[in-house]
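In: heads up, no residue letters with this:
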């Protein structure tokens, strides 16, 4: 995807390091209707991500268990190695897919705003939908970035023989979640700006009619989200979080090594 126009989080926004939430003004207070819509959208994001993750996790466990049984039954170790590689490839693909909301979820969001169910929204309505979408997306992207970061750490830890217990794993995740939330909020606030929303709308409304049909919006907005919030952007956010949390996580790892050595 072409991310040349995608606003990037600024790791230097807070020269002091972590906890840069104060570098931007807080968003304006939302009215009850806006809070309701944002909560509904956040829940759709959350359910969509957890459902997809649960479905694939169950599938992967089943594949690996079957491969192990085949090896125990006398087949070569290469069977297990092949399946493990297949699972890792599928995980990478799912991480890419989950960076973009699926069509069913986006259609449910459209229906929240299409009150008269005529399959058409004007520019004001679409603008509000998009602003609410990006305001609510922090829950979703925080999960994606945090999970991806934890997955990468787990792989690196295995190479160096470091095993974190449940308590330390929770500590590490908490540090990552805090940093991810901060940087994702800054990034989404930039996308949420009036100028960027106007730019996105113009990309979708190709005939400049001032209204969008349902299918026109669903197709166009998914392309926009893919370009601005896709796999490459999630990876950029993950790298910023890694740099931001490096010192705190290293301290936790040092304590693990000390505990194991004592």
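Out: Cool, the structure landed. Predicted model only: the values in this text are computed from it and were never measured. Numbering: from 1, shown residues only.
In: the strands in the stretch 51-200 of the chain, which residues?
Out: 120-122 (DSSP state E, counting those that start in this stretch).
In: Provide a list of residues in contact with residue 215.
Out: If you count contacts by CB atoms under 8 Å, 6 or more residues apart in numbering, residue 215 has none. Bear in mind the C-beta positions are built from the backbone N, C-alpha and C, glycine included.
In: and it, how far from residue 221?
Out: 11 Å (CB to CB, to the nearest Å).
In: any shared contact partners between the two?
Out: Contacts common to residue 215 and residue 221, judged by CB under 8 Å, 6+ apart, are absent.
In: which helix is the longest one in the chain?
Out: If you go by DSSP state H, the chain has its longest helix at helix 32-72.
In: which strands and helices lie in contact with that helix?
Out: helix 77-97, helix 103-113, helix 123-159 (3 or more CB pairs under 8 Å, 6 or more residues apart in numbering; DSSP states H and E).
In: kindly reformat those as JSON lines containing mean neighbour count and mean pLDDT.
Out: Shown next, in JSON lines, are those (neighbours: other CB atoms under 10 Å; pLDDT from 0 to 100):
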{"stretch": "helix 77-97", "mean neighbour count": "14", "mean pLDDT": "78"}
{"stretch": "helix 103-113", "mean neighbour count": "15", "mean pLDDT": "86"}
{"stretch": "helix 123-159", "mean neighbour count": "18", "mean pLDDT": "84"}
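In: take those helices and lay them out in a markdown table including distance to residue 182.
Out: A markdown table is the format used below for those (distance: least, CB to CB, whole Å):
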| stretch | distance to residue 182 |
| --- | --- |
| helix 77-97 | 21 |
| helix 103-113 | 25 |
| helix 123-159 | 10 |
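In: which one of those helices lies nearest to residue 234?
Out: helix 123-159 (5.7 Å; CB to CB).
In: what's the angle from that closest one to helix 77-97?
Out: 150 degrees (axes from the mean of the first three to the mean of the last three CA atoms, to 10 degrees).
In: just want the angle from helix 123-159 to helix 32-72.
Out: 30 degrees.
In: picking up where we left off before, and of the helices and strands packed on helix 32-72, who's closest to residue 166?
Out: helix 123-159 (13.1 Å).
In: from the contact counts, what lies against that closest one?
Out: Using 3+ CB pairs under 8 Å, 6+ apart, helix 123-159 sits against helix 32-72, helix 77-97, helix 103-113, helix 166-191, helix 194-204, helix 214-229, helix 231-261.
In: lowest-confidence stretch among those?
Out: Ranked by mean pLDDT, the helices and strands packed on helix 123-159 bottom out at helix 32-72, with a mean of 74.
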